[in-house]
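> Structure of the sequence below:
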Amino acid sequence: MQQLISSYLFQHKSCPLPGLGTLMVNPGTAQADFVNKVITAPAPAVTFTTTETEADKLVDFIATKNNSNALSAIEVLGKYCNDLKAAINNDNSASIEGVGNFFIDTAGSILFTPAAVPQAFLPKVDAGRVIHPEAAHNILVGDRETTNMQMAEYYNEAAPAKNYWWVWAIILGIIGLLAILIYSNGIYSSALFGNSAPAK
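Numbering: from 1, shown residues only. Predicted coordinates:
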């Protein structure tokens, strides 16, 4: 019967236990480990509440699995739940294999601790970044949205050759001004280019 209870619970995420309450499966959440580049699988956690729910679907499930009628399934389920409740009250604890343990606290309330899920059922998934350089995808550059292809074209464009004609114009202008200054101040004379004494 324990196998039927656990099977029904994990298939339907909820399992009524008449006279006790209801078991439920909370799916949990995946955890991202960016340092090790893995994502851990969400670990489901079984919880228990003393609120009772309809057991019709569970009865049909038990009847189908046992090849019996609904009345027989109700009796089997009722006996199992009564035995479970008696074990909790008499021994202060009882368990459902693969699901968890019931126990009574100091106030007399029935509490539940879920069984640990085997790590084999919670594999880690590699989360390494996959880059497809040939595929276009949107990126944000500053406050402008563009694509990686457009940015590659932008950076691969050859920078236009700069024209430095004005540098040569300034150099020639300076040379011209120096020539004018030298000639106008009389610095330029034949003395610069040889003997200034007249020939005899």
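
> alpha carbons only for contacts and neighbour counts from here, please
Will do.

> where do the strands sit along this protein?
According to DSSP state E, the chain carries its strands in the segments 14-17, 21-26, 31-33, 38-40, 45-49, 93-96, 100-104, 110-114, 124-126, 138-141, 144-147.

> Need the pLDDT of the one residue sitting closest to the centre of the chain.
In the chain, the residue lying closest to the centroid (C-alpha atoms, centre = their mean) is residue 32, at 5.0 Å. You'll see residue 32 listed with a pLDDT of 81.

> doesn't residue 40 make contact with it?
Yes. Counting by C-alpha atoms under 8 Å, residue 32 does reach residue 40; the two are 6.4 Å apart.

> Need the winner for burial among the strands of the chain.
Of all the strands of the chain, strand 14-17 has the most neighbours on average by mean count of other C-alpha atoms under 10 Å, namely a mean of 24.

> Quick check: chain neighbours aside, which residue is closest to residue 60?
Here the nearest residue to residue 60 in space, its sequence neighbours aside, is residue 70; by C-alpha to C-alpha, 6 or more residues apart in numbering that works out to 6.3 Å.

> what sits against that neighbour?
59, 60, 63 (C-alpha atoms under 8 Å, 6 or more residues apart in numbering).

> ok, the residue nearest to the centre of the chain to residue 110 distance?
Distance of residue 32 to residue 110, given as C-alpha to C-alpha, to the nearest Å: 35 Å.
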